[in-house]
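K.L.:
Build the 3D model from these lines:
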Amino acid sequence: MIRNSKKMVAVVLLTCMVLSYVFTGCIKTNEVETQSTTGSSNTQTTQVKQGETEKPYEFSIFRSTWTDLNEDTDLIIKELNKKFNIKIKILTAPYETWVEKYNIYVTSGDVPDLSVTTGPGTMNFNAWAKQGIYIDINDLYKKHCPNIQKYISDDIIEAHKINGGLYGIPKPSLSDTTVAIRADWLKNLNLSIPKNLDDLYAVLKVFKENDPDGNKQDDTYGLCSEDTLNTIDFIFGAFGVHCPPNVATNWITDENGKLTSNLLEPGVKDAIKYVTKLYRDKILDQEWMITKSQAYVDKIHTGKVGISKTGFLTMIADTESKIKANDPDCELSIMENVVGPEGKYVRPMQKGFYMVSSISSKSKQPEKILEFLDYLMSDEGDTLIRYGIKGITYTEENGKITVNKEELKKYAMESGHKFKQILQRTALVIPGDDTRIPQLLEMAQVLYEGPFYPAPTLQPQSLKDVTTKQGPDFVKNSVAAIITGNGDVDSEWDIFIKQWRETGGDQLIKEINELYDANK
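P.N.:
Next up is the predicted model:
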């Protein structure tokens with residue numbers, strides 16, 4: 001079943017790409033759904049008596065990085081509250097501390113009504129589901145989520161079940177990111193876009209050392225990265241590596257069709273040696289190992305970084321404009337795949353989903369929350385989340401949408417509303433007439449082909465014990481120590497892998513294969 005999900009994901013996501021958008025505005029004004037407060041899937045439709053006002057149903061939503069989202073003033077939240085007679089309360093935390101904060105909610109027994117987390121196979125999610133922290137929405141999902149069912153295959157839903165129970169709805173997602181390079185710097189230094197790893201090193205070195213912005217100061221980076229190395233995954237791809245080594249539990253298939261750790265994929269050590277050289281030659285930002293997600297974005301926006309990872313839509317709608325605020329000459333170009341030895345390149349591995357929405361077992365009206373979630377995947381809801389409100393943030397004529405960039409900026413919706421991080425169709429839509437859009441859309445087509453992780457939701461039984469034994473962030477910290485240290489990379493990498501295996505890594509591989517075989 002898990003293996004077949006790779007094919008099913010690709011088919012469903014491709015279907016999403018080619019479906020046309022029919023923007024409708026049909027809202028029932030004379031009746032409301034009165035949901036059961038017992039968690040039952042039975043609903044009753046009753047007429048609201050004239051003059052009566054139904055009290056809005058208040059529920060909380062937790063999602064990381066929403067620190068600037070104000071439920072009292074947000075344009076879209078206010079519209080949704082009015083449409084569904086609800087009152088949404090936002091709970092959040094910075095990316096760097098969200099896991100710790102969410103753990104506090106769980107241990108205190110005050111779990112948010114709707115939790116948007118990394119879902120099955122991560123944190124303690126599987127154990128929490130078994131403990132009854134989340135409601136099993138199997139029957140509710142079938143009855144109340146027709147729009148979601150159009151865009152998420154049954155195979156993906158099955159893969160997210162724990163002992164037959166469905167404890168969350170996965171957000172269909174592609175790794176819709178590209179590598180952007182400062183085209184203005186290339187012109188200033190008479191350089192071309194790099195095509196291979198040797199070219200990449202040479203360009204990055206010049207970006208660092210030859211004052212590409214012409215301000216006569218030594219203040220530019222060739223390359224910047226998050227502490228996870230995910231933002232330079234294109235370098236690992238050039239060595240045939242599907243994901244950077246920041247954890248050991250991104251399971252991939254080996255040459256025999258068995259699951260193994262991403263740490264053991266051929267090419268990882270060579271990729272680490274290349275990144276280490278960039279760091280030791282001061283071409284890679286010297287603070288990368290302590291740079292979290294938002295700090296990475298902030299560094300890119302300073303206009304001092306030559307090559308960066310960004311989303312397709314974000315590159316045009318957000319990244320370039322924010323860099324221009326600090327460097328008006330900024331011009332971004334798309335850097336397509338850099339190849340490694342023997343012309344090698346592999347795309348980053350994908351799950352086909354990102355983040356999972358789970359409903360607390362203490363929620364009084366789970367059907368109402370599911371109604372809200374399903375709306376996000378409807379034609380009308382998709383338009384609202386992508387473009388905002390007609391007449392305010394966009395206009396429409398003859399089926400063509402024209403966005404109002406100033407209004408979108410005013411409401412912090414340059415790349416769509418943050419609720420797209422709960423659920424959104426996977427079709428890539430980039431409004432406007434930017435000359436780079438056709439290239440981005442063409443590049444996006446291959447993302448629907450994967451590759452996809454073979455067992456994204458399975459979790460070895462001993463994972464928690466092994467994590468405790470090895471220590472928090474053991475893999476990430478060990479890799480950072482190798483790159484930033486002064487030792488021999490070959491020998492230090494071998495020592496690290498040996499230690500990982502002996503402290504539980506081999507046991508995890510054994511257990512994940514037993515689970516994988518049981519879920520075929």
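K.L.:
The residue nearest the centre of the chain: what secondary structure?
P.N.:
Closest residue to the average C-alpha location of the chain: residue 354 at 5.1 Å, with CA atoms, centre = their mean. Here residue 354 is strand, with the state taken from DSSP: H, G, I helix; E, B strand; the rest coil.
K.L.:
and it, what does it touch?
P.N.:
170, 171, 173 (CB atoms under 8 Å, 6 or more residues apart in numbering). In short, each C-beta sits where N, CA and C put it, glycine included.
K.L.:
and the least confident of those residues?
P.N.:
Lowest pLDDT of these: residue 173, 75.
K.L.:
Pull the number of nearby residues for it.
P.N.:
Counted by other CB atoms under 10 Å, the residues lying close to residue 173 total 17.
K.L.:
Keep only those of the contacts of residue 354 that are in strands.
P.N.:
170, 171 (DSSP state E).
K.L.:
Using a markdown table, lay out the contacts of residue 354 together with distance to residue 457.
P.N.:
Below are the contacts of residue 354 laid out as a markdown table (distance: CB to CB, whole Å):
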| residue | distance to residue 457 |
| --- | --- |
| 170 | 9 |
| 171 | 14 |
| 173 | 14 |
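K.L.:
Chain neighbours aside, what residue packs nearest to residue 319?
P.N.:
Nearest in space to residue 319, with sequence neighbours left out and distances taken as CB to CB, 6 or more residues apart in numbering, is residue 310 at 4.8 Å.
K.L.:
mind listing what the one you found touches?
P.N.:
177, 178, 179, 180, 300, 319.
K.L.:
Got phi/psi on it?
P.N.:
According to degrees, to the nearest 10, the main-chain angles of residue 310 amount to phi -150, psi 160.
K.L.:
just the helices in the stretch 251-400 of the chain please.
P.N.:
268-280, 293-301, 312-314, 320-324, 366-376, 379-387 (DSSP state H, counting those that start in this stretch).
K.L.:
For residue 58, which of those is the nearest?
P.N.:
Among those, the nearest to residue 58 by CB to CB is helix 366-376 (10.3 Å).
K.L.:
residues in contact with the closest residue to residue 413 other than its chain neighbours?
P.N.:
In this structure, residue 413 finds its nearest non-sequential neighbour in residue 388, 5.5 Å apart by CB to CB, 6+ apart. Shown in contact with residue 388 (CB under 8 Å, 6+ apart): 75, 76, 394, 407, 408, 411, 413, 417.
K.L.:
Kindly confirm my reading that the fourth one forms part of a helix.
P.N.:
In this case it means residue 407. Yes - secondary structure of residue 407 (three-state DSSP): part of a helix.
K.L.:
wait, what's in contact with it?
P.N.:
Contact partners of residue 407, counting by CB under 8 Å, 6+ apart, are 388, 392, 393.
K.L.:
Look up how far residue 423 lies from the nearest residue to residue 424 once chain neighbours are set aside.
P.N.:
Nearest-residue entry for residue 424: residue 385, 6.1 Å, with adjacent residues in sequence omitted and distances by CB to CB, 6+ apart. As judged by CB to CB, to the nearest Å, residue 385 and residue 423 stand 9 Å apart.
K.L.:
And these two? Which one has more around it.
P.N.:
A side-by-side neighbour count of residue 385 and residue 423, using other CB under 10 Å, places residue 423 first with 28 against 24.
K.L.:
With adjacent residues omitted, what lies nearest to the more buried one?
P.N.:
Closest to residue 423 by CB to CB, 6+ apart is residue 376, at 4.4 Å.
K.L.:
I'd assumed residue 416 was in contact with the residue nearest to residue 424.
P.N.:
Yes - here residue 385 reaches residue 416: they are 5.9 Å apart, a contact under CB atoms under 8 Å.
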